[in-house]
Each structure stands twice: as C-alpha cells, then as structure tokens.
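>>> got a predicted structure here, sequence first:
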Amino acid sequence: MAEQSAHLASAVLPDVPMRQFVLTVPWPLRQRLAVDPALVKTVLAILVDCIFRFLAEKTGAPGGAKGGAVTVIQRFGGTLNLHVHYHVLVTDGLYEDAKPDEDDAPLVFHPLTARVTEDDERAVAEHIHRR
C-alpha cells in the first residue's frame, strides 16, 4: 500500500489540490457488490459522474472540462469483515483542453476555490443515492 501511494504521488497524480471521497453502501448492497463485478463498476461510474458534475457546477469550468480520479475499492473493514466500499481521490477541480487542435497545448486547470459546505456534501450524497 505504501509503495502504491508513493508511486501515485511521484509519478501519476498531477501537482494540483486533491480531495478524497469515501462511499459506503447499505449492507444488502455490500453483499451484492461482493459477488457482482458489473455492479461494482456501475456504482463506481455513478459515484465519479456525480462528483465531476458537482465540480463542474462549483468551478464554473466550461462544458467538456474533465477531472481525474484514482479509486481503490476496499472489500473489507477493520475486522476483516465484508465491507465493500470505495475510496476515490479526485482532482479538486477540472481540466479544460483550451486548444484541442494543438497536440502539445497545455491543459488549463480550473480549481475548486469555493469552500465545500455540509449542504454541498449532503447534495452530492443525495444525488449518488438517487442514481
């Protein structure tokens, strides 16, 4: 785990602010996730999509701007019990390809500058839950 973290920090992740999201799910869904890889993938896609939509709203980045994320899907809890949940490290903002016609053009980062409130967190969680 330490080696993977060091590799991500030194060679993969951009030098921009990052934010961690953790998604836990109700027990019946944990049991299904434990045996259904397609459902694991679907829940992850919903989670990341909702986070990036939130970032798009908060940053005011132009349409088509994209974020980056690294996810670890953990399948156990502190007592090695079944506890499928998601740890997602997300760029705290979105990237825009300002010159899509140029191959070497740098991306423009639109950071999240507004404070994230409890209401924001609740709204994202409710959106994920509805989806």
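Arrived safely, thanks for sending.
>>> where do the strands sit along the chain?
If DSSP state E is used as the criterion, the strands of the chain fall at 18-24, 69-76, 82-91, 93-96, 108-111.
>>> need those in CSV (columns: distance to Ile46 and mean neighbour count).
C-beta coordinates here come from the backbone N, C-alpha and C atoms, glycine included. Shown next, in CSV, are these (distance: least, CB to CB, whole Å; neighbours: other CB atoms under 10 Å):
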stretch, distance to Ile46, mean neighbour count
strand 18-24, 9, 15
strand 69-76, 12, 14
strand 82-91, 10, 18
strand 93-96, 18, 21
strand 108-111, 23, 17
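>>> what's the closest of these to Asp36?
Closest approach to Asp36 among those (CB to CB): strand 82-91, 10.0 Å.
>>> and of the strands of the chain, who's closest to Gln31?
strand 82-91 (7.1 Å).
>>> what pairs with the closest one, parallel or antiparallel?
Strand pairing for strand 82-91, using DSSP bridges, gives strand 18-24 (antiparallel), strand 69-76 (antiparallel).
>>> tabulate these (CSV), appending distance to His85 and mean pLDDT.
As requested, the strands paired with strand 82-91 are exported to CSV (distance: least, CB to CB, whole Å; pLDDT from 0 to 100):
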stretch, distance to His85, mean pLDDT
strand 18-24, 5, 94
strand 69-76, 6, 92
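>>> ok, and what's touching stretch 57-70?
Stretch 57-70 is contacted from outside by 8, 12-14, 48, 51-52, 55-56, 88-91, 93-97, 110-114, 116, 120, using CB atoms under 8 Å, 6 or more residues apart in numbering.
>>> what do you get if the cut-off is 6 Å, keeping everything else the same?
48, 52, 55, 88-91, 93-96, 110, 112, 114 (CB atoms under 6 Å, 6 or more residues apart in numbering).
>>> stretch 31-42 too?
With contacts defined as CB under 6 Å, 6+ apart, stretch 31-42 is touched by 82, 84.
>>> pLDDT (mean, whole number) over it?
For stretch 31-42, mean pLDDT rounds to 94.
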